[in-house]
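Engineer: Next come a sequence and a model predicted from it.
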Amino acid sequence: MITAERKPLTEIKEMIAPYRKVLVVGCGSCVAECASGGEKEVGLLASALRMDAKISGKELEVKEMTLDRQCVYEFIDQLTDVIDEYDVVLSLGCGAGVQAVAEVFPKVHIVPALNTTFIGETKEAGLWVENCRACGDCKLGFFAAVCPITRCAKGLLNGPCGGSRTECCEVDPDVPCAWQLIIARLDDMGRLDLLRKVHPPADWSKQQGKGPRKIYRKDQRT
Amino acid sequence: MDQKSAGLNLTIFFCQQLDPDQDVNRRALEKELGERIRFFPLPCSGRIDPLHLMRALESGADKVYLVTCPEGTCRYREGNLRAQKRIAFTQELIEEIGLERERLELIITSAGNPVTIDEMARGLLAREASVGPSPVRVS
């Protein structure tokens, strides 16, 4: 999922300072899972903003709403009947959600309450770790489903750097050495032969350098 | 000056395992103080959510207490530990808007000294007021 973290309140307050009626919109998908932008977090932020306004003597109306997803038109459309009542929409969606909402309502100022961070997994309750860089050229099948681009600090594709200590990365000792994991897993499944393949440098043109990427599926189009 | 004399609004979230007769035992205080005291029994203090604490402050509470079972005695194992983490999280959040973290206070009861919710609440009311009326309420 896409992970995100709430911006500092000072930054959020600065963005909505010119406005009097704020609609705080959450997203029930990825950001709800990483406890940054779901219905609860909308409530927390809205409550904090209302109290802050009272303390400062400012007039501020803050309403709350959460969409199942902020990146799909059919869900964004739920805002249509209410959005005109507000001066600004404070979105707790990821960057994709914020922009998708703005595409549907280009005349409304949509501001982000979150900093979108990475694609990752819920490792444990309260711990999310990055495990995918969306490189566009997935090679996980060769690496026992441990991504060396994301999880190796040096992005090495053809074996370890040799600097790991006690199975942890020399760049960040809190991070397990990805290559330690790759080799251990391939060994366990009897597929060390996969290491014989020499991988050329990653083709980063599949990820960047050509503007925003898109996927077009003719069979899915109406 | 104690909290009762200071006229502070208290909200008390508490684990109802602490006092099985809590619904009866708190009535006298509720009648005496009316809106100034609000009790929220929880099936476990781990049921508390930061949102409950925020809404309590937003509704005009000057001080919010979260009362948990003694460590190691939670019937749901870790509820009281989760409660501690959630109140700590909410304390950081309210500091961002300039409210004192002392407005949220965790009370871990002691194993050898069971008290009724009425006795506990009266004890809290008798405490020296560490905060004044909330700026959310008086602004």
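Structural biologist: Sure thing, it's come through.

Engineer: what's the closest non-adjacent residue to the residue positioned nearest the centre of chain B?
Structural biologist: The centroid of chain B falls nearest to B:Y65 when counting by C-alpha atoms, centre = their mean (1.7 Å). Of all residues not flanking B:Y65 in the chain, B:I12 sits nearest, at 4.7 Å (C-beta to C-beta, 6 or more residues apart in numbering or on different chains). For glycine as for every other residue, the C-beta is placed from the backbone atoms N, C-alpha and C.

Engineer: buried sites along the top strand by length along chain A?
Structural biologist: The single longest strand within chain A, with elements called by DSSP state E, is strand A:114-124. Of the residues in strand A:114-124, A:L114, A:T116, A:T117, A:F118, A:G120 count as buried by neighbour count, 16 or more other C-beta atoms under 10 Å in any protein chain shown.

Engineer: Run the chain-centre distance for it.
Structural biologist: Centre-to-centre, strand A:114-124 and its host chain are 5 Å apart (C-alpha atoms, centre = their mean, to the nearest Å).

Engineer: which element follows that strand toward the C-terminus?
Structural biologist: strand A:127-132 (DSSP states H and E).

Engineer: following that following strand, which helix or strand shows up next?
Structural biologist: helix A:148-151.

Engineer: which helices and strands does the helix or strand following that next one pack with?
Structural biologist: Next along the chain after helix A:148-151, taking DSSP H and E as the criterion, comes helix A:178-188. Packing partners of helix A:178-188 (3 or more C-beta pairs under 8 Å, 6 or more residues apart in numbering or on different chains; DSSP states H and E): helix A:148-151.

Engineer: mind listing what B:A56 touches?
Structural biologist: When contacts are counted by C-beta atoms under 8 Å, 6 or more residues apart in numbering or on different chains, B:A56 touches B:T11, B:F13, B:R38, B:F40, B:V64.

Engineer: Could you do A:Q208 as well?
Structural biologist: Contacts of A:Q208 by C-beta under 8 Å, 6+ apart: none found.

Engineer: And the one 5 residues further on, by the same measure?
Structural biologist: In this structure, A:R213 makes contact with A:G136, A:Q207, judged by C-beta under 8 Å, 6+ apart.

Engineer: wait, which of the contacts of B:A56 is closest to B:G72?
Structural biologist: Ranked by distance to B:G72 (C-beta to C-beta), the contacts of B:A56 are led by B:F13 at 20.5 Å.

Engineer: Can I take it that that closest one is in a helix?
Structural biologist: No - counting by DSSP: H, G, I helix; E, B strand; the rest coil, B:F13 is not found in a helix; it is strand.

Engineer: right, and it touches B:Y65 too?
Structural biologist: Yes - applying C-beta atoms under 8 Å, one finds B:F13 in contact with B:Y65, separated by 6.9 Å.

Engineer: can you give me the strands in chain B?
Structural biologist: Under DSSP E, chain B gives strands at B:10-15, B:37-42, B:63-68, B:104-108.

Engineer: export the ones you listed to a markdown table and tack on distance to B:V131 and mean pLDDT?
Structural biologist: As requested, the strands of chain B are arranged in a markdown table below (distance: least, C-beta to C-beta, whole Å; pLDDT from 0 to 100):
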| stretch | distance to B:V131 | mean pLDDT |
| --- | --- | --- |
| strand B:10-15 | 11 | 96 |
| strand B:37-42 | 16 | 96 |
| strand B:63-68 | 6 | 96 |
| strand B:104-108 | 10 | 95 |
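
Engineer: Thank you, goodbye.
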